[in-house]
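Novice: Here's my sequence, what's the structure:
(2 chains)
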Amino acid sequence: MFYREAGQFKASYAADQSIFPIAQDRFGVLVILAVAFVFVPLVANEYWLRSILTPFLIFSLAALGLNILTGYAGQLSLGTAGFMAVGAFAAYNLQIRIPEIPFILDFVLAGLIAAAVGILFGLPSLRIKGFYLAVATLAAQFFLEWLFTRVGWFTNYSSSGVITAPPMVMFGFEFSGAQSRYLLTLSIVAVLALAAKNMVRSEIGRAWMAVRDMDVAAEVIGIRLLHTKLLAFAVSSFYCGIAGALWAYVYLGTVEPQAFDIFRSFEILFMIIIGGLGSILGSFLGAAFIVLLPIVLNNVSSIFAGGTLSAHTLSHLELVIFGSLIIFFLIVEPAGLARLWQIAKEKFRLWPFPY
Amino acid sequence: MNLSEFGRNSIWAAIIAVPMMISPAAAQQFIPVTTYDTGPYAVNGQPFMDGFVDYLKMLNARDGGINGVKLTWEECETGYKPDRFVECYERLKNKGEAGASLFNPLGTGLTYAVIDRAPQDKIPVISLGYGRTDASDGRVFPYIFPMVTNYWSQSTAKIKFIGQKLGGMDKLKGQKIANVHHDSAYGKETIPVLAKQAEIYGFEVTHFPVTHPGLDQKATWLQIRQYKPDWVILRGWGVMNQTAIKEAARIRFPRDQMIGVWWSCAEQDTVPAGAAADGYICAGFHAAGQDFPLIQDILKHVYDKGDGAGSKKAVGTILWNRGVVNAFLSVAGIKTAQKKFGNKVMSGEQVRWGLENLNLTAADIGSQGATGLVPPLKLSCLDHEGGGGVKFQQWVGDHWEMVSDWIETDQSIVRPMIEASAAKYAAEKGLTLRTGMSLGSECP
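Specialist: Numbers count the residues shown, from 1 in each chain, chains lettered A, B, ... in the order given. Okay, here's the model as predicted:
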């Protein structure tokens, strides 16, 4: 009844090609952005901003990065956490070695360095595909973790191998409060998500999808495989690198290389599988599922603590419920949460007269 | 009401009921308990948390809390992951009447994650025998308390112990020591102090990192066999320890020349290794066993009423006792604060003062029935460690036997390094050292 595009005419190519062709969608996105930028910082308390929403946004960004590479360009990668580590350590080293650079520029440079490393480890993708490529990107994961653990220069010779982020100051303003940090993360994520959405709608994105669907055919119609695949690796690693820098600076404030281990890579891969491969929205939904659900379960379970169930049982129950929900959602919709949302939208268009 | 209606109603009921159930308790001292029941380190996290909670339960049952203030707590699962711990920290820090009293992260990486946050929130963090070593300098880290003994102090005691076994510190010259460590902030923490000691005593040290979680160490121990060390120092945690002991047996390295850190020193490490663990030596900063009036009280007031946090079998084991010691010292800090600020609920800031001015004499410990369980401690602004000693124990098939007296740590080596390292940190962070009267205590 409300979600229907009847009567919305497109009079120009620009209108036809806009990101959200349906007025209700445009309105919905604006409302979400307004809520996220204005309402949430005003209403949410420090706990929500600092330890729920900020990590959720950072993981969404990392998932977005991996989704570009795996979901759109079809290159399976298990090196995500490694590229995040590159971003985190690059930002740290830039900041302490060249303190003149404003930290926001550090983040961009850290992303570019991660992109360069991504290109390097993307080279094997020209020869190997699918699961074999996943194994090749494992090399990136293990090599990078090893590098940051072993080579003291990267951690400024800290004896324990832990880096602590210097304060983030821009124009004399220090980003130390929960609100300013949340808004910083949100702005970066919003800009990059918009960029990603536009990229996948443009020629680049179409080339990625052509390569994903069948690379021989893509080559035949004139898409340069080398160029396209490496670009996907570069863009993906750029996103992951920035996510890593945000993780180190904005969320934890301190990072050891073990924070970016293989399990982190798996976690992000699960996010895009559950959220939906090849979907921008799916990256956010998947991150919400993987990051927020355990916390929600943990919070809910703490209500029952001291009652009939012991704390030990509750912590295990959390894992059991989490695992069951993953299975449940993958059975209900193997194409991910984003697909569920799409189906819901289709239903909405017909509601309340589904005939 | 059909099924879907029932579902909808119950969801609404849950949404309405949940906030009602979280109502803050009044006039109670809130102590957050963060631990890990899941993940590769769960075997160690469980008994520790049980001991901690059992002690608090005992105080509530026996004395009705501390000085009339009832204790309350809430558990939060961290999985030994810094990010999950930060979430727990943020969730629990404002609970209770005056906020969280203090945090016990139970993990070095976890402690690092809140070093910046603790001073902002004015909540002290106790890292009992773990954590950032140079935080012992309270002038730079006012809110962090690596109490009893830190890793560097322990390392000096360990080398002293090896010297004793050899028959003199001069005999250390030319000895080869392999440092098998967990490849994390925790494991790497002693590398600088070992280098310093090697320089002083003339031994040779080589580091062998083991990747988390340390289930596969065959390659490492092959390297150790080639290196032919005289001594092996084991700095593991969780499953890494038993694996290391088994691998040492496999390459026939004598277990009585293998010295473990206190986190490699529990029944959870030796029992699964079976006969391979016979003769294995490791360090401790408190005692094991049930023969203390304090622990008998816990058995009487908590376990005999069927209210124990865990299994009764764990009572008296190393890690369970360590949980009790951790809770004991936390409460001692709160009590010290109450002496100054009055017998009411203490805020984190007040507990911080209590911890910094903690003076736990042998008589205090005796009056609480913990003689021999907890070492006497005296903290100050300069020293957040307290000057505990280290005892060494050997596994003899089914129990631990003490093989040394309290060995004093060598502060002449450790202290200058701590101050230098803390000063470097202060410079990086742009902090100034506390001097004179600061936060209610006297600093030099």
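
Novice: what's around residue B:265, how many residues?
Specialist: 28 (other C-beta atoms under 10 Å in any protein chain shown). Every residue, glycine included, has its C-beta placed from N, CA and C.

Novice: Please enumerate the strands of the stretch 201-350 of chain B.
Specialist: Counting by DSSP state E, counting those that start in this stretch, one finds strands in the stretch 201-350 of chain B at the ranges B:204-210, B:231-235, B:258-260, B:281-284.

Novice: Of all these, which one comes closest to residue B:413?
Specialist: Among the strands of the stretch 201-350 of chain B, the nearest to residue B:413 by C-beta to C-beta is strand B:204-210 (14.2 Å).

Novice: Run through who's touching that closest one.
Specialist: Applying C-beta atoms under 8 Å, 6 or more residues apart in numbering or on different chains, the contact partners of strand B:204-210 are A:149, B:174-183, B:187-188, B:191, B:194-195, B:197-198, B:217, B:220, B:223-224, B:227, B:229, B:236, B:240, B:244.

Novice: Which positions in that strand come out as buried?
Specialist: Neighbour-count burial for strand B:204-210, counted by 16 or more other C-beta atoms under 10 Å in any protein chain shown, picks out B:205, B:207, B:208, B:209, B:210.

Novice: Among these, which one lies nearest to residue A:12?
Specialist: residue B:209 (62.5 Å).

Novice: Can you flag the buried ones in the contacts of strand B:204-210?
Specialist: A:149, B:175, B:177-183, B:187-188, B:191, B:194, B:197-198, B:217, B:220, B:224, B:229, B:236, B:240, B:244.

Novice: Under the pLDDT cut-off, which ranges of the chain? List them.
Specialist: Chain wasn't specified; assuming chain A. Counting by pLDDT under 70, chain A shows low-confidence ranges at A:1, A:304-309, A:354-355.

Novice: that's the wrong chain, I wanted chain B
Specialist: B:1-26.

Novice: which non-adjacent residue is nearest the spatially most central residue of it?
Specialist: For chain B, residue B:128 is the residue whose C-alpha lies nearest the centre (C-alpha atoms, centre = their mean; 3.4 Å). Distances taken as C-beta to C-beta, 6 or more residues apart in numbering or on different chains place residue B:326 nearest to residue B:128, at 4.9 Å, with adjacent residues excluded.

Novice: That neighbour and residue B:53 touch, don't they?
Specialist: No. Look at residue B:326 against residue B:53 with C-beta atoms under 8 Å: they stay out of range, at 10.8 Å.

Novice: surely residue B:200 meets residue B:410?
Specialist: No. Counting by C-beta under 8 Å, residue B:200 sits too far from residue B:410 to count as a contact (9.3 Å).

Novice: neighbour count winner among the two?
Specialist: residue B:410 (18 against 14).

Novice: for the spatially closest residue to that one that is not a sequence neighbour, helix, strand, or coil?
Specialist: Nearest residue to residue B:410, sequence neighbours excluded (C-beta to C-beta, 6+ apart): residue B:156, at 3.8 Å. State at residue B:156, reduced to three classes by DSSP: H, G, I helix; E, B strand; the rest coil: helix.

Novice: can you give me phi and psi for the residue lying closest to residue A:201 once chain neighbours are set aside?
Specialist: Spatial nearest neighbour of residue A:201, excluding adjacent residues (C-beta to C-beta, 6+ apart): residue A:19 at 7.1 Å. When read as degrees, to the nearest 10, the backbone of residue A:19 gives phi -60, psi -50.

Novice: how deep is residue A:19 tucked in, by neighbour count?
Specialist: 12.

Novice: One more: the one 5 residues further on?
Specialist: For residue A:24, the tally of surrounding residues (other C-beta under 10 Å) stands at 16.

Novice: ditto for residue A:10
Specialist: By other C-beta under 10 Å, neighbour count at residue A:10 equals 12.

Novice: What are the contacting residues of the longest helix anywhere in chain A?
Specialist: The longest helix of chain A (DSSP state H) is helix A:178-201. With contact meaning C-beta under 8 Å, 6+ apart, helix A:178-201 is reached by A:17, A:19, A:33, A:36-37, A:40-41, A:46, A:49-50, A:53-54, A:57-58, A:60-61, A:64, A:68, A:72, A:107, A:168, A:173, A:175, A:205, A:208-209, A:235, A:239, A:242, A:246, A:250, A:280, A:284.

Novice: ok, now stretch A:211-223?
Specialist: A:72, A:73, A:74, A:129, A:207, A:210, A:225, A:228, A:229, A:232, A:278.

Novice: List phi and psi for the closest residue to the first one other than its chain neighbours.
Specialist: Yep, that's residue A:72 we're talking about. Once flanking residues are discounted, residue A:72 sits nearest to residue A:208: 4.5 Å by C-beta to C-beta, 6+ apart. Main-chain torsions, residue A:208, degrees, to the nearest 10: phi -60, psi -50.

Novice: Residue A:249 should be in a helix, yeah?
Specialist: Yes. Applying three-state DSSP, one finds residue A:249 inside a helix.

Novice: ok, the nearest residue to it once chain neighbours are set aside - contacts?
Specialist: Nearest residue to residue A:249, sequence neighbours excluded (C-beta to C-beta, 6+ apart): residue A:165, at 4.5 Å. Each residue near residue A:165 by C-beta under 8 Å, 6+ apart is listed here: A:92, A:95, A:248, A:249, A:252, A:253, A:254, A:255.

Novice: again, but for residue B:260
Specialist: Here residue B:260 is in contact with B:233, B:234, B:235, B:236, B:241, B:269, B:280, B:281, B:282, B:283 (C-beta under 8 Å, 6+ apart).

Novice: One more: residue B:137?
Specialist: B:382, B:384, B:418, B:419, B:422.

Novice: Now do it against chain A, distance only.
Specialist: 15 Å (C-beta to the nearest C-beta, to the nearest Å).

Novice: Kindly indicate which of the contacts of residue B:260 lies nearest residue B:397.
Specialist: residue B:280 (10.7 Å).

Novice: still on that earlier bit, which of the buried ones among the contacts of strand B:204-210 fall in helices?
Specialist: Short answer: the buried ones among the contacts of strand B:204-210 in helices (DSSP H) are A:149, B:187, B:188, B:191, B:194, B:197, B:198, B:220, B:224, B:240, B:244.

Novice: Report the separation between the fifth one and residue B:205.
Specialist: Residue B:194 sits 5 Å away from residue B:205, going by C-beta to C-beta, to the nearest Å.

Novice: hey, what's in contact with both of these two?
Specialist: With C-beta under 8 Å, 6+ apart as the test, residue B:194 and residue B:205 both reach B:177, B:179.

Novice: Quick one: residues in contact with stretch A:259-269.
Specialist: A:59, A:62-63, A:66, A:70, A:78-82, A:84-85, A:88, A:138, A:141-142, A:144-145, A:244, A:247, A:252, A:290, B:82-83, B:109, B:212.

Novice: ok, back up a step: mind picking the two most distant members of the contacts of stretch A:211-223?
Specialist: A:225 and A:278 (18.9 Å).
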